[in-house]
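> With the sequence up front, the predicted model follows.
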Amino acid sequence: MMTKLKFSYKNTCGVDKKLLSSIAEDLSPVLKKIKKIRGKGYNLDYGSINLPGDTDILSSVQEVVCQKRMLDPSTLIVIGIGGSNLGAMAVHEAINGLLYNDLDPHLKIYFADTTDPNFILSLTEIVEKEIKQGRPVLYNVVTKSGSTTETIANFEVLLQVLRKYFPKEYGKYIVVTTEKESKLWKYAQLKGMSTLECFVGGCYSVLSSVGLFSLAMVGVDVKGLCAGADSFLNVGLSDDFEKNYSVCSASILYAHYRRSVFVHDTFVFSKQLRALGAWYCQLMAESTGKKYDLSGKEANCGMLPTVSVGSTDLHSLYQLYMSVEDRFVTTFVTVGRFPTNISVPDCKHFEDIAPRIQKKPLSRILDAIANATKLTYEKNNSYFMSIELPEISSFVIGQFLQFKMLETMFLGFLLNINVFDQPNVEQYKTEVKRILTDG
């Protein structure tokens, strides 16, 4: 299947063609390296590119999905944080929409990604209410290490509710996604819980069992999601730099970074893509935010990713954006065709109040707003790139995920940093454990 996602940049990115070509040429070594590891597993850097084509992972996920659907659960709670949570949330909201739970689906989904006591208490009340009414609840506990403080704390609290009502068979309502042979893996096996192996962790894990199980449970076409991501590798690993979207985007970001432009805003023109923007924020922040480069030299490196929503943030952040020249670069994300549409009624009384909108589809109005925003950015000499998703589908969202993961890998290579570790995150985790140990 040919690439559907469209990317454009030439007249608005703020980087001349000669410089862009020079930077892109510098990426030749990493392109060759990544091509060599295709199909070689996950014990190498860049191994996450092998996830979408791994039919074994998809089969193991679908097998557990079939088992758990037989329980006919009414609610799924994903217990995880960061990369163990954001990818699934992003794809779910993009495909199923923000009001999914309110539309009375067969299976509701909640994400337990914080130890905020009010939020977790509310979740326990939801679980208890569902069980009392004879509707089973399913947990998916996701942590690669098997020992993430927030995840295990929330799991213990929520597990207590299941044990109360199912003291002998609570294990069958739990799916644990973790590294094989972690302490949590062994505990899950001992208690009769289903397990899915976590091969890749962090922000590159969405196309593994980390994201695929919960997404499949709520009806997302995970096969199509993986197919879209896999198809994009033909573009993102191409030697034709002008047609390689990930190379071009990474090169543009790097050129701006060298000019001391440290903010990259992803401006999505669909409210249900906001979580996708948040997923990218984590991807870029954790991957490029490094104090030291690969040689051990202090680099204090990183771009600050932000996410804006059109047209909402045109009435909150746009004034700032238009007032600070040369401080940020933007990637606009628009949708060519929405799965549903609704038009403004033909009401003559409103023609005098807000002219030119009667009988027009809301998608047409949103499209006009997006195009107008790009024009004002161009007139203001604000730098931007554009991504058009021709539709919101699993295949296209899969392409977007792969586009951005490759882009981030390439940017990290140009910055001479390790995009796959997060040493400062580990630092805070150590301090949490110390504080809790001290009482």
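Received it, and whenever you're ready, just let me know what you need. Numbering: from 1, shown residues only.

> Check whether residue 236 really touches residue 402, as I assumed.
Yes: look at residue 236 against residue 402 with CB atoms under 8 Å: they come within range, at 6.3 Å. The C-beta positions use only the backbone N, C-alpha and C, and glycine is treated the same way.

> Report the buried residues of stretch 212-227.
Neighbour counts over stretch 212-227 (16 or more other CB atoms under 10 Å) mark 212-218, 220-227 as buried.

> Which ones among these map onto helices?
Using DSSP state H, the members of those that fall within helices are 212, 213, 214, 215, 216, 217, 222, 223, 224, 225, 226, 227.

> longest helix in this protein, by residue count?
helix 394-415.

> Beyond it, next helix or strand please.
The first helix or strand that comes after helix 394-415 along the chain, using DSSP states H and E, is helix 423-437.

> Please give the centre-to-centre distance between that following helix and its chain.
For helix 423-437, the distance from its own C-alpha centre to the chain's C-alpha centre is 25 Å (CA atoms, centre = their mean, to the nearest Å).

> With stretch 273-280 instead?
Centre-to-centre, stretch 273-280 and its host chain are 6 Å apart (CA atoms, centre = their mean).

> what sits up against that stretch?
86-87, 89-94, 203, 206, 266, 268, 305, 307-309, 333, 335, 392, 397, 400-401, 404 (CB atoms under 8 Å, 6 or more residues apart in numbering).

> again with stretch 369-384
11-15, 256, 261, 267, 269, 310-311, 314, 318, 321-322, 325, 328-332, 334, 386.

> Using CSV, write out every CA atom in that stretch.
Output of stretch 369-384 as CSV, limited to C-alpha atoms (Å, rounded to 0.1, in the frame of the first residue of the first chain):
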residue,chain,number,x,y,z
ILE,A,369,-9.1,28.2,9.9
ALA,A,370,-6.1,25.9,9.4
ASN,A,371,-5.2,27.4,6.0
ALA,A,372,-5.6,30.9,7.4
THR,A,373,-3.3,30.2,10.3
LYS,A,374,-0.6,28.9,8.0
LEU,A,375,-0.9,32.0,5.8
THR,A,376,-0.5,34.3,8.9
TYR,A,377,2.5,32.2,10.0
GLU,A,378,4.0,32.6,6.5
LYS,A,379,3.4,36.4,6.4
ASN,A,380,4.9,36.7,9.9
ASN,A,381,8.0,34.7,8.8
SER,A,382,7.2,32.0,11.4
TYR,A,383,8.8,28.7,10.4
PHE,A,384,6.6,25.7,9.8
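
> Name the residues of it that come out as buried.
In terms of neighbour count (16+ other CB under 10 Å), stretch 369-384 has its buried residues at 370, 373, 374, 377, 382, 383, 384.

> cool, and stretch 123-140?
Residues 123, 124, 126, 127, 130, 131, 136, 137, 138, 139, 140 are the ones in stretch 123-140 that count as buried (16+ other CB under 10 Å).

> Using CSV, list the CA coordinates for it.
C-alpha atoms of stretch 123-140 as CSV (Å, rounded to 0.1, in the frame of the first residue of the first chain):
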residue,chain,number,x,y,z
LEU,A,123,-11.4,4.6,39.5
THR,A,124,-11.8,2.2,42.4
GLU,A,125,-15.4,3.4,42.8
ILE,A,126,-16.0,2.8,39.1
VAL,A,127,-14.5,-0.7,39.4
GLU,A,128,-16.6,-1.5,42.4
LYS,A,129,-19.8,-0.2,40.8
GLU,A,130,-19.3,-2.3,37.7
ILE,A,131,-18.6,-5.5,39.6
LYS,A,132,-21.6,-5.0,41.9
GLN,A,133,-23.8,-4.7,38.8
GLY,A,134,-22.4,-8.0,37.4
ARG,A,135,-20.1,-6.5,34.8
PRO,A,136,-16.5,-7.7,34.9
VAL,A,137,-13.6,-5.3,34.9
LEU,A,138,-10.2,-6.0,33.3
TYR,A,139,-6.8,-4.5,34.2
ASN,A,140,-3.8,-4.2,31.9
